[in-house]
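Student: Sequence plus the predicted model coming up.
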Amino acid sequence: MSATALAPESEERTQALRKLLNRRYTFIDRKWDIVFWVTAAFVVAAAADITKLLFAGDWDFWTDWKDRQWWPMVTPFAVIIIPSALQYIQWLAWRMPTGAVYTAISMTIASWIGRIFNWDMFGGFPLAFVWPVMILAAAIWLDWVLLKTKSFVLTSLVGAFGFALILWFTNYTVLAPYLQPIDWMGLHVTVADVQGIEYVRGQTPEYLRMIEHGSLRTFLGETQYVSLAFGATLAVAGYWVGQAIGRGLAIWPIGRFIKRF
Amino acid sequence: MRSKLKYIGAVMAAAIAVVLALPPAPASAHGETAQEAFLRMGTVAFWDVKYSAEEVAQGEELTITGTAKILETYPEQLAEPKLGFIGVIAPGPTVVIKERTINGAPAPMAIEIEKGGVYQFKMVLQGRRVGHWHIHPIFGIHGAGSLIGPGQYVDVTESAGGFTNDVKLLSGKTADLENIGMGGVTFWNVIWLVIGFAWLLYWIVPKPTVTRLPVTSQIPLNTDGGAYGLITKKDHRVMNVMMGATIALVVGGMLWQAQAYPDKMPQQVLHFAPEDAVVDAKFVTADASEAAFDPATDTVTAKVTVQNTGSSPASVESFTTSTLTFPVAEKGSAERSVQISPATPIAPGETRELTMSMTDAVWAKERLMPVGESRMQLTGVLRLQDEAGHENFVTIQSFVTPSAMA
Amino acid sequence: MSTTITPESREDTRGDSSGEFPKGRGPIDWNGGWRWMFIGSFLLAGSFIGLRIYQQKFAWYKEYGLDAASDGFRTYWFNLFLGELVVVTIVTLAWWGWLIKSGQNLAAKAEAKPISKAEEVRRIAVFWGLIGATSLTLYFMASFFPNQDGVWHQTAVRDTALTPSHIVMFFWAFPLGITMTVGTYLYGRTRLPKVYSPDKGFPWSFFLLIAASVTEMMQVAMNEWGHSLWITEEIFAAPFHWPFVTYGWLASGIFALWAESLGRLLQIEDEIEEERQAVTTSDPAIA
């Protein structure tokens, strides 16, 4: 009674697959599920966090790097790659719209462990200066779009674009208090700037900040929107980098062997 | 076998105990000794660096003042110095910088700099983390990294109530920089984690996972498998509700921040070129013609031709290189000194060849003699004073011969 | 594919019923097949957390790690570096050697008497446990210690290739990554011949995963060379650091391992089902 042998769309095949889904097994119990979800979280957190750190780490570390020109551009690209890969893996294997949320949870916990145990407890930086980006709301959107469209092309276009925007909105909400003006020796700067000035970081001089410096642009102060739009398009590109990882490096190798070495 | 293992274990434990029980002298450097000596000497010289205290309580102030000069000899292999940053280096933010002036002007951020520039700095710090900390001033120069000035230990002692970093916002409110915004950071992270977990657990708890593979492997990618019970209509409905809640929270958050923090501005980048430091008029020139290092006696010698172009007799006060200052023997401490011969003042109009000699273990200890490096060169600043008390700081440089001078 | 087992019979048929394993130590018991996942993860995490505590005590607040030219550095850090290399080499070679040697014995035994399905399932559980421990190692390699390294280098002067953060991350966690990925492969190759027998060739999944851990170690050399040459300032997201990401991505090959072994597990279930059907249909009492 192999379901594959039956004609697609046939009622018999549908019933066979339904039965197959509810089949009882001798050795496969829920422990396999638990082990998979728990142990995979580590490698997913690892891949997601290192990708974020290497492409957008400095913007993620410090409040005074979270500007309106570079941060919204580099971060979505950096943090959508692994959620995209996991979306493909989990949709294909389990047919669950969970890849992005699963990655986001794993990365959020890993990032906070990093900040608390290393940036705060080791380096001594206050968490109020070094909190990491929040990607969960954007990840929920990404998984929801996949669930609704069942299409990776549409998810890359609609989902990734929205991902970048939601990422900005949710994090701007948290960043707001750090953009309040403050008087520092008669000069007006933001709270974030003062954190950067006061909390000494010997090897990261202020001039290294890759943030909006001004460029004689003629964009009527629209920097923010231009960066958001470009960040969103880069997120689309990042989504396909993630697809390449999921498809090429996680799924393609299954059952394939190198015959000659 | 077992007893052998026990024996090895005991020996290892004992070895570890010995290592941990014998603390060697703590380091008094922050890694600058690893930088090439000729570059340390040829880039920035620090002098008159003073710390107002050796011990401060948390929140109590400590002032570091001093002068840093970007030498005319700034080497070609480092990018031209254009942007610099004077700060401190310590094991993390053990202190916070509350004020910084460079050549008298407030300098919150990086400054525009040039070769030969003299920067008199003042930094007001506050003790933050309790402990015994080694703190140095640094001059970060874009392209070269952080160049380190003379350091000192500072003890930060505990004060009642610990450390708070209260600042007054332009809105008139007071905020503690240690935890400002953390209410929002915590609240939103918890909210999103709760919703994220709800989303994930909805899928993975009631539904078995790995046994879905035999089904998913037989159906196309662009289907939700509803017909087979993989994703049900109820699943869609629940996810729609969660998505709706997410969007509502995102919008709610934006509205909340607009209400709560109406006054915002982008991060500021306040770079500027400081006014020139106030320095005395030039009354002397100096040129080093040769230098030598004798490793056997830790002695550096150099021949310097000094011309007094002023109207008052002038004498050498000290020689500064990198973080070290060698006062002339008569004036200096026993700890460190330079011998000048002949030692008599140089008369106005006179040109004289002086021999400088510094015997000090610090050359080796601080790895400050560039023996074995790709350029063996001595660079430093000669401080001269006339009888009226005017001072000139003249950069001298010469290649080094690593043996006793003939 | 068969679906003839009813829910009612589930309790009777789940797990091993052959009596091959002691009670509670069966192929899918936490203290049975899954035991090595806990032991391996505990040992690895213990070593990482222990070294992190050591860093806290001896790197920064006691300053022995701040100056590579100091005596304290030699005592507390350079010796640790040497110790790590020795221990990781011994542990790795011993474990790999044991896997190969005992694998040969197991293969010889299996030729005489093929292993039971329950035993094969137990091995798959151990295999998943090793993948889990590898995954944990990758987390410490790519997230936990890079954060520690980040805060170190953005604060303290980089005065040696062997900074205390590097000594722990590059010379303990990274080599253990190779230990785990190659060791897991050796386990699969020697214990799960139906999935990874040598005559099938070398699995791409393991090729990518092992490449991840090996390129990571190689990237260390490039990193240090670059920092010694032209990177003097500490930008974490510098293009020069980007190649480190390749291993995070190549590690995706780990998912193929789960898939390949799960495929065999499902196959075993089918075989059991077929055997049971054959018994059912041939038993006249039932027929």
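Tutor: Looks like it came in fine.
Student: what ranges of the stretch 301-406 of chain B fall below the confidence cut-off?
Tutor: B:331-334, B:404-406 (pLDDT under 70).
Student: if you set the cut-off to 90 instead, what comes out?
Tutor: Where the stretch 301-406 of chain B drops to pLDDT under 90, the residues are B:322-324, B:329-336, B:343, B:362-377, B:400-406.
Student: List the contacts of the residue of it found nearest chain C.
Tutor: Per CB to the nearest CB, B:R367 is where the stretch 301-406 of chain B lies closest to chain C, at 6.5 Å. For glycine as for every other residue, the C-beta is placed from the backbone atoms N, C-alpha and C. Contact analysis of B:R367 by CB atoms under 8 Å, 6 or more residues apart in numbering or on different chains lists B:T33, B:A34, B:A37, C:A69.
Student: Just give the nearest non-adjacent residue to whichever residue of chain B sits closest to chain C, would you?
Tutor: At 3.0 Å from chain C, B:G31 is the closest residue in chain B, using CB to the nearest CB. In space, and not counting its chain neighbours, B:G31 is closest to C:D159: 3.0 Å by CB to CB, 6 or more residues apart in numbering or on different chains.
Student: next one: B:A107
Tutor: Once flanking residues are discounted, B:A107 sits nearest to B:R100: 5.2 Å by CB to CB, 6+ apart.
Student: so that neighbour sits in a strand?
Tutor: Yes: B:R100: assigned to a strand according to DSSP: H, G, I helix; E, B strand; the rest coil.
Student: partner residues bridging it?
Tutor: With DSSP bridges applied, B:R100 shows beta-bridge pairing to B:M123.
Student: Surely it touches B:I111?
Tutor: No: with contact defined as CB atoms under 8 Å, B:R100 does not reach B:I111; the gap is 10.0 Å.
Student: Pull up the overlap in contacts between those two.
Tutor: Common neighbours of B:R100 and B:I111 (criterion: CB under 8 Å, 6+ apart): B:I86.
Student: Where does pLDDT dip in the stretch 1-150 of chain A?
Tutor: Low-confidence regions of the stretch 1-150 of chain A, defined by pLDDT under 90, span residues A:1-11.
Student: what about the closest residue to A:L234 other than its chain neighbours, how many residues close to it?
Tutor: In space, and not counting its chain neighbours, A:L234 is closest to A:F77: 4.1 Å by CB to CB, 6+ apart. A:F77 has 25 neighbours, counted by other CB atoms under 10 Å in any protein chain shown.
Student: OK, contacts around A:F77?
Tutor: A:F55, A:A56, A:G231, A:L234, A:A235, A:A237, A:G238.
Student: domain ranges for chain B?
Tutor: The record's domain parsing of chain B by automatic domain parsing lists B:32-170, B:182-260, B:284-401.
Student: The shortest one and chain C, are they touching?
Tutor: Yes: in this structure, domain B:182-260 sits against chain C according to CB under 8 Å from any CB of the partner chain; the contacting residues are B:V210, B:L213, B:P214.
Student: any idea which element the most centrally placed residue in chain C lies in?
Tutor: Closest to where the C-alpha atoms of chain C average out (CA atoms, centre = their mean) is C:T134, at 2.2 Å. Per DSSP states H and E: C:T134 is located in helix C:117-139.
Student: And B:W133, by the same measure?
Tutor: strand B:131-141.
Student: Can you tell me the strand partners of that strand and which way each runs?
Tutor: When pairs are called by DSSP bridges, strand B:131-141 turns out to pair with strand B:83-89 (antiparallel), strand B:145-148 (antiparallel), strand B:152-157 (antiparallel).
Student: Identify all contacting residues around the first one.
Tutor: By CB under 8 Å, 6+ apart, the residues outside strand B:83-89 that reach it are A:200, A:202-203, A:205-207, B:30, B:64, B:68, B:70, B:95, B:97, B:100, B:102, B:107, B:109-113, B:119, B:121, B:123, B:125, B:135-142, B:146, B:148, B:271, C:155-157.
Student: I appreciate the help and will end here.
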